[in-house]
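1. Predicted model follows, preceded by the sequence.
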Amino acid sequence: MKRLWIALVCILISAVLCTFEIIYTYNSTDYLNNMVAKAKTQLNSGKGVLAASTLNEARDFWQGRKGVTSVFLHHDRIDDIDVQLLSAAYACEKADADSEIKLIQLQIQLEQIWSMERPTIENIL
């Protein structure tokens, strides 16, 4: 009977951790996606420096989440987003022609992270 209770406790702990990971990843990527969309709007209205500031704020947020997300996500993905945020901020600040493309690439990568972590049949199998 003790083994059954231990197994149930282990299953419960796993379920709680998986739920936490899903919520944490969704909230993190959703916030970053909103910040990138805000920066894109600012860039399109001619405020590149303000867009760069928004992206730096998003990067600070991502840096703060890095410790927990590195437990759940591949380290390459975490570092790629960090580098892309820095690159996009620099491009926006310098009014680079590729700055909007960099923002779109960043949004696509954030959406890919969420789609990889979402509990679907394709991801489970």
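-> Arrived safely, thanks for sending. Fair warning: this is a prediction, and the values are worked out from it, not measured in the lab.
2. can you map out the helices along this protein?
-> Listed in chain order, the helices of the chain (DSSP state H) span 2-44, 48-72, 75-93, 99-117, 121-124.
3. With mean neighbour count added, can I get those helices in CSV?
-> Yep, even glycine has a C-beta here, placed from its N, CA and C like the rest. Listed next are the helices of the chain as CSV, based on neighbours: other Cβ atoms under 10 Å:
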stretch, mean neighbour count
helix 2-44, 14
helix 48-72, 17
helix 75-93, 18
helix 99-117, 17
helix 121-124, 8
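4. Next, format these as a markdown table and append mean pLDDT.
-> Formatted as a markdown table, those follow (pLDDT from 0 to 100):
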| stretch | mean pLDDT |
| --- | --- |
| helix 2-44 | 91 |
| helix 48-72 | 89 |
| helix 75-93 | 86 |
| helix 99-117 | 86 |
| helix 121-124 | 74 |
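5. Next, the contact list for the spatially most central residue of the chain, please.
-> Residue closest to the average C-alpha location in the chain (Cα atoms, centre = their mean): Thr29, at 3.4 Å. Residues in contact with Thr29, defined by Cβ atoms under 8 Å, 6 or more residues apart in numbering, are 110-111, 113-114.
6. Redo the residues you listed as a markdown table? Include distance to Thr120.
-> Compiled in a markdown table, the contacts of Thr29 are given as follows (distance: Cβ to Cβ, whole Å):
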| residue | distance to Thr120 |
| --- | --- |
| Leu110 | 17 |
| Glu111 | 14 |
| Ile113 | 14 |
| Trp114 | 11 |
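7. Which of those residues sits closest to Cys18?
-> Set against Cys18, the nearest of the contacts of Thr29 by Cβ to Cβ is Trp114 (15.1 Å).
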